[in-house]
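Chemist: this is a predicted model, with the sequence first.
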Amino acid sequence: MPDSVTFAIIGATGAVGREALAILAQRAHPVDHIRAITSDRSAGTQIPYAGSALTAEEFDADQLADVDCALLCTDATTSRRVAPCLVQQGVLVIDNSSAFRHDPRVPLVIPEINAAELQPESTIIANPNCSTIILLLATHPLRAAFGLREIVVSTYQAVSGAGLAAIDELRRQTHAALESRVLSHHVFPQPCAFNVFPHESTFDPATGFNGEEQKIISESRRILADPSLSIMPNCVRVPVERAHSQSILVTLEQPATLQQVRACLAAAPGLRWIDDQTAPTSPTPQQATGIDPVLVGRVRRADAGPDESSQRFMLWVCGDQLRKGAALNALQIADLALNLRARSPRALPRALDRPHAHLPTPIEN
Ligand SMILES: NC(=O)c1ccc[n+]([C@@H]2O[C@H](COP(=O)([O-])OP(=O)(O)OC[C@H]3O[C@@H](n4cnc5c(N)ncnc54)[C@H](OP(=O)(O)O)[C@@H]3O)[C@@H](O)[C@H]2O)c1
């Protein structure tokens, strides 16, 4: 990404926004080509950036016309409100929230899997749900090699998936529990320290699935362009600060040997293979924290048949949901989409020149 690209991080004080700034700092992106945008609550605060500081500004689309790409690291309601204003200014929008993930005009992209969905004319691009990104990064290579009939996944999700306030809640509750004090809770419906509970998103009484599980099902089917793919998720919060873990059982279309499955995962982009068949080692969320690759290991045949091959395999995966599950995936999309725009004479540099009909209409989900 050239230094001359100007990014606006909308929600720069949040968990995802901070991670986006950390990645830009690692890339040595110049401080004068970054705008840090927040709500009026944080406007004026100084946000550390690569030995310097950014001054947080309240969102005002009219002041952002010089921005090339905005990463929305905000809740879905805020994203629905600000995205069309940014598109009007000609700003490419990558949204981390769920606001646009089911709009058929908005690409929903994991670069390693469906980068071809990006078009030079794309104005808003949706970043998938963090658990969906981690799950598909590990299962898509197997789908490409052997076909995929079914996924059963249990997640062990870090509290920071619910934002910065949730990290604070886990730390406060941990201190309180160790001092035998009452565990008050505000972010989660029950104490997260020394506890495990179903994901706190809205529960659908008709299906029994919570919102996170529904996102995994619908987004995976959309990204893989396989509306009938069988996916059974069970999403759980655990008292881990950062990085989600997943226990995955896949049923393949064609039988494969353990060696073939291992070789397939070891060669897959975005994954790091850390299985050791001679020692009881496996990826952990602490190992996955702060790094780009999703860690995969503990691959086992689920069937104990006489044949060497099987259609069912179990794996264990850990991925940093703030990084590949959010900020990194969004910046990878930005790199590809800005390149496409720069190379295509069809892409108009300014949205003001475009017919209004090009603006996606946000939908509720
Ligand atoms: N956390 C994760 O692991 C993760 C992973 C994937 C996707 N996501 C999604 O990413 C988004 C951000 O999540 P998060 O965890 O970073 O949340 P967060 O820690 O709660 O941060 C929210 C950010 O949004 C800003 N904000 C709120 N209202 C705003 C407004 N009206 N205008 C401008 N900025 C505003 C806040 O700024 P103030 O300081 O001013 O309040 C803060 O910087 C959410 O949609 C979430 O679902 C999160």
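Modeler: Sure, I can see it.
Chemist: mean confidence score for stretch 329-339?
Modeler: Averaging pLDDT along stretch 329-339 yields 97.
Chemist: could I get the CA-only coordinates of that stretch as CSV?
Modeler: C-alpha atoms of stretch 329-339 as CSV (Å, rounded to 0.1, in the frame of the first residue of the first chain):
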residue,chain,number,x,y,z
ASN,A,329,-8.7,-8.8,7.0
ALA,A,330,-10.1,-5.3,6.5
LEU,A,331,-6.7,-3.9,5.6
GLN,A,332,-6.0,-6.8,3.2
ILE,A,333,-9.4,-6.0,1.5
ALA,A,334,-8.4,-2.3,1.4
ASP,A,335,-5.1,-3.2,-0.3
LEU,A,336,-6.8,-5.2,-3.0
ALA,A,337,-9.7,-2.8,-3.5
LEU,A,338,-7.6,0.3,-3.7
ASN,A,339,-5.3,-1.4,-6.2
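Chemist: show me what counts as buried in it.
Modeler: Going by neighbour count (16 or more other Cβ atoms under 10 Å), the buried part of stretch 329-339 is 329-334, 336-338. Backbone N, C-alpha and C define where each C-beta goes, glycine included.
Chemist: repeat that for stretch 244-260.
Modeler: For stretch 244-260, using 16+ other Cβ under 10 Å, the buried residues are 244-246, 248-252, 256, 260.
Chemist: which residue ranges of the chain form helices?
Modeler: Counting by DSSP state H, the chain has helices at residues 15-26, 76-88, 111-114, 130-146, 164-178, 211-223, 258-266, 285-288, 328-343.
Chemist: residues near residue 178, how many?
Modeler: Number of residues near residue 178 (other Cβ atoms under 10 Å) recorded here: 10.
Chemist: residues of the stretch 1-150 of the chain that sit close to the ligand?
Modeler: Contact residues, the stretch 1-150 of the chain versus the ligand (Cβ under 6 Å from any ligand atom): 10-17, 37-39, 41-42, 59, 73-76, 78, 96-97, 130.
Chemist: for the ligand, what's the nearest residue on the stretch 251-365 of the chain?
Modeler: Closest residue of the stretch 251-365 of the chain to the ligand, Cβ to the nearest ligand atom: residue 326 (3.6 Å).
Chemist: I'd assumed residue 19 was in contact with that residue.
Modeler: Yes - using Cβ atoms under 8 Å, residue 326 is in contact with residue 19, at 6.6 Å.
Chemist: now residue 93, which residues is it bridged with?
Modeler: Here residue 93 sits in beta bridges with residue 70, residue 124, going by DSSP bridges.
Chemist: which pLDDT value belongs to it?
Modeler: Per-residue confidence (pLDDT) for residue 93: 98.
Chemist: again, but for the one 10 residues further on
Modeler: In the predicted model, residue 103 carries a pLDDT score of 97.
Chemist: next, count neighbours for it.
Modeler: 16.
Chemist: before we move on, back to that, which ones among the buried residues of stretch 244-260 map onto strands?
Modeler: 244-246, 248-252, 256 (DSSP state E).
Chemist: so how far is the ligand from residue 88?
Modeler: From residue 88 over to the ligand the distance is 17 Å, taken as Cβ to the nearest ligand atom, to the nearest Å.
Chemist: thought that residue was touching residue 65?
Modeler: No - shown here, residue 88 and residue 65 do not form a contact pair, counting by Cβ under 8 Å, at 9.6 Å.
Chemist: neighbour count for those two, which is higher?
Modeler: Ranked by neighbour count (other Cβ under 10 Å), residue 88 and residue 65 place residue 88 first, with 18 against 13.
Chemist: contacting residues around residue 141?
Modeler: Applying Cβ atoms under 8 Å, 6 or more residues apart in numbering to residue 141 gives the contacts 264-265, 267-268, 271.
Chemist: tabulate those (JSON lines), appending neighbour count and distance to residue 290.
Modeler: What follows is those, written out as JSON lines (neighbours: other Cβ atoms under 10 Å; distance: Cβ to Cβ, whole Å):
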{"residue": "264", "neighbour count": "18", "distance to residue 290": "26"}
{"residue": "265", "neighbour count": "23", "distance to residue 290": "22"}
{"residue": "267", "neighbour count": "11", "distance to residue 290": "24"}
{"residue": "268", "neighbour count": "22", "distance to residue 290": "21"}
{"residue": "271", "neighbour count": "22", "distance to residue 290": "17"}
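Chemist: for the residues you listed, which one is nearest residue 165?
Modeler: Checking the contacts of residue 141 against residue 165 with Cβ to Cβ, the nearest one is residue 271 at 31.0 Å.
Chemist: doesn't residue 139 make contact with that closest one?
Modeler: No - with contact defined as Cβ under 8 Å, residue 271 does not reach residue 139; the gap is 10.5 Å.
Chemist: pick the most buried one from the helices of the chain.
Modeler: helix 130-146 (a mean of 24; mean count of other Cβ atoms under 10 Å).
Chemist: quick check, distance from that one to the centre of its chain.
Modeler: Here helix 130-146 is found 13 Å from its chain centre; the criterion is Cα atoms, centre = their mean, to the nearest Å.
Chemist: can you list the buried residues of stretch 244-260 in TSV and add distance to residue 102?
Modeler: Output for the buried residues of stretch 244-260, formatted as TSV (distance: Cβ to Cβ, whole Å):
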residue	distance to residue 102
244	22
245	27
246	23
248	24
249	27
250	25
251	26
252	28
256	33
260	35
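Chemist: got a pLDDT number for residue 279?
Modeler: On the pLDDT scale, residue 279 gets 73.
Chemist: cool, and residue 160?
Modeler: pLDDT for residue 160: 98.
Chemist: verify the contact between it and residue 322 for me.
Modeler: Yes - the criterion here is Cβ under 8 Å, and residue 160 meets it with residue 322 at 6.2 Å.
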